[in-house]
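A.B. asks: One predicted model, sequence on top.
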Amino acid sequence: MQRLTFTVDSRLLRELGERLVGSPHIALAELVKNSYDADARHVLIRFTRGRIEVVDDGHGMTMKDFVDHWLRIGSTHKESQGSSRKYHRPLTGSKGVGRLSVQLLANSLEVRTTTSARRRREVVALVDWKEAVDAGLLTEAPVLVDERPPETSFAANSKTGTKLILTELNHKWTSQAFTDLAREIWPLQPPFRGHNLDPQSDFTVELESPFPGVVNAFNEQMRAVLDLWTARLVGEMIPADASAPTTPWPVQRPERDATPSKVDTGNDEDWDTASDFQESQPDIPGLPTRVVRLSLEHAGRPPQVVYYQLEKCLLDTLTFEIRVFTLHHRQPFGISVGEARKYLRRFGGVHVYDAGFHLPYYGPDADWLHIEIDHSHRLSRSRLLPKSLQEPDGQRFLPTNSRLFGVVNVNTTVEQRHIRAIDAGLAREALAIQVSRDRLAGTQAYRDLVTLVRWSLDYYAAREAARAFGEAERLRQVELRPAQRIERAEQLLEKYQGQLPERAQAELRGELRAVAKAASTDEQVQRARVGLLGALATAGISALSHEHEVAKQFRLLSRISVRLRRIASAPSPEIHELAEIADSLDLWLDRARATRGLFAHLLSEANRTKRDRFRAHDLIKEVARQLAPFARGTKVYVDHVPRDLRLPEGGFAEWTAVFQNLLINSFNATVQSPKPRIDVSGGAGEESWILLQDNGIGVDMEEAELLFEPFERRIDVAEERSAIGLGGSGLGLTIVRMISEELGAMVGFAIPDGEHSAAVRLSWRDVY
């Protein structure tokens, strides 16, 4: 019996590359992940027309590494290795197909790599993927490899690393492609890259290209995670010789625990318990009162600034920034809730930096601010805030470490000098690094640090409680849709999760997801019905305009016909009158086209069925253009609507119906104004809005709400309006509210500014 062996067709390279890697941006992301696994701290992607370079400062490859691992398709060395060799990072790949990404991206590849073990030799390899595929058998695919004196400079001017040069690219690269690339690799980077991090987490990726649009799209997506915050706290201890512009809030020092659970041994590992947090300040003379300036900013709202002070404070300098994240529902930038939570578990928490150097102990797993401890004790009141700042159940709104990114900056060298200047004998109580060099010693200055940073979070929790109770009161006055009630239930479940068994939480979340799915389906059907009904109702109202226009056009054509017959019977044509007749025909054509434009948004199937977040500026401008022939001199200005402001998700026909009715109402109100105008403005934030104001006859604000009821009218439509049939049915505002509420927006009359007499405000909360 003859002994044979399997052979592998070299076309499998292309097949594997397309099936296992799939898209070009995923292929390029695989190369960046290879750099991460190679313990690189910097990766540079250079992109020019027809060429991509991926350069890192990792450990590189020896000739043996290149032959045994890179040239071996399906190598399992990463799977058996488990973590990177130098920084012990968890490896991102284990299938051994990363190099197939290169084949998908380009037809030609050059590899240059140098290791620290052989700094005087550089491995250079050339691969022609077309030639490799044409070779027939994969084992016969040629790869040209050589070792030579090093001449390549790697990322961050490193002498070691790997450089991949891809030419003869197979795909066109756009800004969207690099956005997709960043979406694949952003979780590898730490959130605060302006600090000296521990090597394991220090990883940055930079894109260099002569095309600014490409670079901007990439950078925006790479920074996206830092823009998901819902609140930001920025604190700074003001200089000792400076005074606060207002009376600072006092920091309440809890009294000493009468029966402490254990004796403090002088380091924070023993001090990280709730009872030790109540350690009192020793009576040390000569210590000053220090003030911290705190800025609390909620996304889309201006920051609130408060000052608070700590008596007998041993700290001299302190700055911090803490961002709070609320991770439920859809997140911006295409980041899923699961991705964001996984990222927070890895990089979250509040970190401490000493003179710019990261102390490894502080992060997602260190409860040095006693947040998780207080949650476990189900505390409802802060031990630090004065009574006047407390809110009922305020501490229930204290965010957990898994919802925080924070950086606290101190300088132990400065602190030592500061304390010695006051009293050399107090040096033992100054801020200091433990012998282990990974954390701060549990001195009194450290307790002051914990107290001052934690005060800011307690203040945030109190303000959030006040906001939530105010929001709850507002919601009690508004009829909620099923999806909104489910969202409210999810928020309550998250708020009280520490008080429920894990199994009960899991079952409740499962039931909520099932109900949410059913409610979402019902809402989509209802929205489609209401949206189409509103659009068709608007079309019905507009049909009156169409009827009047057609009648006027018939009369116009009749007059033109009479004039033409008279000219035809005259001895000689009158050229001037023929020109007038041509002008009349042009006018008729213009008005006919404008009348048809009233229904243009209903003629397209896509406009009736497709849902999107349309740009408010462009849509309102288009509706104003459609209605221009019927404005009768009323100017519509939309320049103060931000170009990037997007309406809630809905159909084009629905939003067109909303703004057609609003503009028609304003046209009717301004018909008697000497210089009629409509000004539309808008803004984005936690609550986005559109404000439509006119200088017409105005609205009685005491009766304004009644105008949204069917067939309610407070103005008589002028004869010239009635002649063209625009408005006056008493249904326009009813349709506006009906559609708006189904699309998640609120609409109502607002107080106009001094230049206008009436204003309608459309607002919505951006949760997309």
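C.D. replies: On my side now, so go ahead.

A.B. asks: in stretch 167-186, what's buried?
C.D. replies: Within stretch 167-186, the residues that qualify as buried are 169, 173, 175, 177-186, counting by 16 or more other CB atoms under 10 Å. No exception for glycine: its C-beta is placed from N, CA and C like everyone else's.

A.B. asks: what's the first-to-last distance across that stretch?
C.D. replies: Start and end residues of stretch 167-186 are separated by 25 Å (CA to CA, to the nearest Å).

A.B. asks: Run through who's touching that stretch.
C.D. replies: Applying CB atoms under 8 Å, 6 or more residues apart in numbering, the set of residues contacting stretch 167-186 from outside is 23-26, 28-29, 32-33, 47, 50-52, 104-110, 205, 207, 213-222, 224-225, 333-335.

A.B. asks: Which of those residues fall in helices?
C.D. replies: 24-26, 28-29, 32-33, 104-105, 213-222 (DSSP state H).

A.B. asks: Quick one, which of these are buried?
C.D. replies: 24-25, 28-29, 32-33, 104-105, 214-215, 217-219, 221-222.

A.B. asks: and the nearest residue to residue 159 once chain neighbours are set aside, what pLDDT?
C.D. replies: Nearest residue to residue 159 in three dimensions, chain neighbours excluded: residue 119, at 6.0 Å (CB to CB, 6 or more residues apart in numbering). pLDDT for residue 119: 87.

A.B. asks: Kindly report the same for the one 10 residues further on.
C.D. replies: Taken from the predicted model, the pLDDT recorded for residue 129 is 77.

A.B. asks: That one and residue 408: what is the separation?
C.D. replies: As judged by CB to CB, to the nearest Å, residue 129 and residue 408 stand 50 Å apart.

A.B. asks: least trustworthy helix or strand in the protein by mean pLDDT?
C.D. replies: Lowest on mean pLDDT, DSSP states H and E among the helices and strands of the chain sits helix 268-271, with a mean of 40.

A.B. asks: Sheet partners, orientation included, of whichever helix or strand comes after it?
C.D. replies: Scanning forward in sequence from helix 268-271 by DSSP states H and E, the next helix or strand is strand 290-298. The pairing partners recorded for strand 290-298 under DSSP bridges are strand 231-237 (antiparallel), strand 304-310 (antiparallel).

A.B. asks: Provide the contact partners of strand 290-298 at residue level.
C.D. replies: By CB under 8 Å, 6+ apart, strand 290-298 touches 230-238, 240, 242-244, 248, 303-310, 313, 315-316, 318, 452, 455-456, 459-460, 463, 467, 686.

A.B. asks: Could you tell me which of the residues you listed count as buried?
C.D. replies: Of the contacts of strand 290-298, these count as buried by 16+ other CB under 10 Å: 230-237, 248, 306-310, 313, 315-316, 318, 452, 455-456, 459-460, 463.

A.B. asks: so who does residue 206 touch?
C.D. replies: 42, 43, 44, 45.

A.B. asks: Now go through the buried residues of stretch 167-186 and say which are in helices.
C.D. replies: Using DSSP H, the buried residues of stretch 167-186 in helices are 175, 177, 178, 179, 180, 181, 182, 183, 184, 185.

A.B. asks: Could you check how far the third one is from residue 31?
C.D. replies: Translated: residue 178. Applying CB to CB to residue 178 and residue 31 gives a distance of 14 Å.

A.B. asks: Show me the strands in the stretch 351-500 of the chain, by range?
C.D. replies: 357-358, 404-410 (DSSP state E, counting those that start in this stretch).

A.B. asks: Go through the ones you listed and pick out the most buried.
C.D. replies: strand 404-410 (a mean of 22; mean count of other CB atoms under 10 Å).

A.B. asks: So what touches it?
C.D. replies: Contact with strand 404-410 is made by 191-192, 195, 226, 229, 315, 317-325, 344, 347-356, 362, 431, 440, 449, 453, as judged by CB under 8 Å, 6+ apart.

A.B. asks: Any of those residues buried? List them.
C.D. replies: Counted by 16+ other CB under 10 Å, the contacts of strand 404-410 give 191-192, 229, 315, 317-318, 320-325, 344, 347-354, 362, 431, 440, 449, 453 as buried.

A.B. asks: burial measure for the nearest residue to residue 252 once chain neighbours are set aside, as a count.
C.D. replies: Residue nearest to residue 252 in three dimensions, not counting chain neighbours: residue 384, with 5.5 Å by CB to CB, 6+ apart. Per other CB atoms under 10 Å, the neighbour tally for residue 384 reads 23.
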